[in-house]
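Chemist: Mind looking at a prediction? Sequence and model below.
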Amino acid sequence: MLGMRYCKFFCLWPMFKSARNFFGKRRDGEAVPITQNILPPHFTHHQITTYDHPLITTANGDQLMANRNLESLINLLLARLDRNYLISIGDSHSRIFSDLPRIKVCHIGPVTAYNLVKENSSTQGREKIQCLLDGFNPLDTALILSFGEIDIRVHVIKAAIKDCISIKESSKRTAKNYCSAITEIIERGYLVLIQGVHASSPQYDNYEFPAIGSVEDRNYAVKQFNSYLKEFCISCSIPYASLDDIVIDSNLKTRSEFVSDGCHLNFNPELQGILLSRFAYKIPAKSHFIDSISSRMIDISQNKPYVLTSSSDDSLYGFVSPRKPYFFHTDIGINQGLQIDLQAKFQLNSLSISNRFDRLYNRAHSLVVILYDMDKEILRIKIPDDSLFLAGRRSTELKFPSNILASKVAIISSAYTCLHFANVSVFALAPARSSEYL
């Protein structure tokens, strides 16, 4: 999903090293410089509130007893997820899990939830995440995603005013875009946990990107954003947790005792413990969530090498990666197409083809899919012509028979034509979990 030109740039970022100022320019209202696993400079010691009493009261008056044994909570959460590591990815609020065992924080800058699904946004959020995911093992790592605070603080109310819609509608529109991005990540085979927005800043001095609207209006937007996000997570069996019922009071004010700099929550063991507990206890042992994840399909074709039968520009070789208007272009002829080397044998489930984006959609007719075990052909299937696919209005899908094991996939046209696709996805059952962290 990431163009080679982006991957060459962003994968230079040493994800497991201290690359603290690589993306350091402030954009779109981001609150702090990009650093990893350290407190930002303005989080001085006297600004961080500590709590001697482990009771925290919610907006409804409930008192929560926090578990300060964070390591045991993390171990419980990972055991129930059947994973060895957690990666907290997001804007600066992802850093609430900084310096905790078995959790790696990847702060990718001032990325908004609304634009996370978009290609080539100003902050390159989608490209950064896809590049990060290429460096992790989905069978050993679960992700905690944290996006949306910047949207609430800077963009949601502004968009509501501009488009003459309600704050509720603007909030849910943002959340809907975010959910599309979450779905893309899940389709890569990752277990995902979603951290909702906790509150909007009561005061934060950022003259370039000031907060828009009153704190009550923004916290109302937080509630609406989180409501849509939570419903989506429930429908998809995704663990969701937020502290908005603690940090926002019954009058939609942000409780300043939980905020360190006017924007960010305290790095406080009680708050961390409640958040981790809310994740952990939503995933019972042997839960439906884990059972459903164990059989989840993953896209095994992305960034795999392909070879063309012919080429319109003499480029016969490349790597599968979505691109507009297309990522390859054969010459005209019979049986033209490409062969993808999956580089291992997989139990295949299905295939999806996205037609080129701009024009000449009807060239992609009379398609045939050929499966190989090494270099031996084991199955040949014709894809029925789909009028909507040939009009460029949707992708075409193919479901494989059960228990098909293949290491290469070819797609050709039996007609006299040329082929040019925007993307090809081959889905397979996730292989058995490896205990080795890659």
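Modeler: Nice, thanks for sending it over.
Chemist: Just give me how far stretch 171-183 sits from the chain centre.
Modeler: The offset between the C-alpha centroid of stretch 171-183 and the centroid of the whole chain comes to 11 Å, using C-alpha atoms, centre = their mean, to the nearest Å.
Chemist: Show me which positions of that stretch end up buried.
Modeler: 171-175, 177-179, 181-182 (16 or more other C-beta atoms under 10 Å). Any C-beta I mention is one placed from the backbone N, CA and C, and that applies to glycine too.
Chemist: same check, this time on stretch 143-158
Modeler: For stretch 143-158, the buried set under the neighbour-count rule, 16+ other C-beta under 10 Å, comprises 143-157.
Chemist: Helix or strand for I182, just tell me which one.
Modeler: When secondary structure is defined using DSSP states H and E, the element that contains I182 is helix 167-186.
Chemist: I378 should be in a strand, yeah?
Modeler: Yes. Looking at I378 with DSSP: H, G, I helix; E, B strand; the rest coil, it is inside a strand.
Chemist: Quick check: bridge partners of the nearest residue to it once chain neighbours are set aside?
Modeler: The shortest distance from I378 to any residue other than its chain neighbours is 5.3 Å, reached at L371 (C-beta to C-beta, 6 or more residues apart in numbering). According to DSSP bridges, the partner residues bridging L371 are L379, V409.
Chemist: Pull the contacting residues for L371.
Modeler: L371 is in contact with 348, 377-381, 400, 404, 406, 408-410, counting by C-beta atoms under 8 Å, 6 or more residues apart in numbering.
Chemist: how about 6 Å then?
Modeler: 378-379, 406 (C-beta atoms under 6 Å, 6 or more residues apart in numbering).
Chemist: Any stretches of this structure with poor pLDDT?
Modeler: For the chain, applying pLDDT under 70 flags the ranges 1-68, 203-209, 262, 284-296, 430-438.
Chemist: can you give me the helices in it?
Modeler: In order along the chain, the chain carries the following helices (DSSP state H): 4-10, 70-81, 125-134, 149-150, 156-163, 167-186, 215-235, 244-247, 269-280, 288-294, 387-390.
Chemist: deepest of the ones you listed, which one?
Modeler: With neighbours defined as mean count of other C-beta atoms under 10 Å, the helices of the chain peak in mean count at helix 149-150, which reaches a mean of 28.
Chemist: OK, contacts around N362?
Modeler: Counting by C-beta under 6 Å, 6+ apart, N362 makes contact with L390.
Chemist: Distance check, it against R393.
Modeler: Between N362 and R393 the distance, using C-beta to C-beta, to the nearest Å, works out to 12 Å.
Chemist: S122: how many residues sit nearby?
Modeler: Residue crowding around S122 was assessed by other C-beta atoms under 10 Å; the count is 12.
Chemist: so who does G148 touch?
Modeler: By C-beta under 6 Å, 6+ apart, G148 lies in contact with 113, 197, 225.
Chemist: Quick check: it vs N84, distance?
Modeler: Counting by C-beta to C-beta, the gap between G148 and N84 amounts to 28 Å.
Chemist: picking that back up, for the contacts of G148, could you give me CSV that also reports distance to F258?
Modeler: Formatted as CSV, these follow (distance: C-beta to C-beta, whole Å):
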residue, distance to F258
A113, 22
V197, 14
F225, 19
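Chemist: and which of these is nearest to S414?
Modeler: Taking C-beta to C-beta as the measure, S414 sits nearest to A113 out of the contacts of G148, at 44.6 Å.
Chemist: looking at it, the closest one is touching S146, isn't it?
Modeler: No. Using C-beta atoms under 6 Å, A113 is not in contact with S146, being 9.5 Å away.
Chemist: Which strand residues bridge the closest residue to N303 other than its chain neighbours?
Modeler: Once flanking residues are discounted, N303 sits nearest to F319: 5.3 Å by C-beta to C-beta, 6+ apart. Per DSSP bridges, the residues bridged to F319 are P305.
Chemist: got the phi/psi numbers for Y114?
Modeler: Here is the backbone geometry of Y114 (degrees, to the nearest 10): phi -60, psi -40.
Chemist: hang on, isn't it packed against D151?
Modeler: Yes. When contacts are counted by C-beta under 6 Å, Y114 is listed as touching D151 (5.5 Å).
Chemist: contacting residues for L360?
Modeler: By C-beta under 6 Å, 6+ apart, the contact list for L360 is empty.
Chemist: Over to it: give its phi and psi.
Modeler: phi 60, psi 40.
Chemist: quick one on the thing from earlier: return the closest of the contacts of G148 with respect to H329.
Modeler: Using C-beta to C-beta, A113 is the member of the contacts of G148 that lies nearest H329, at 35.1 Å.
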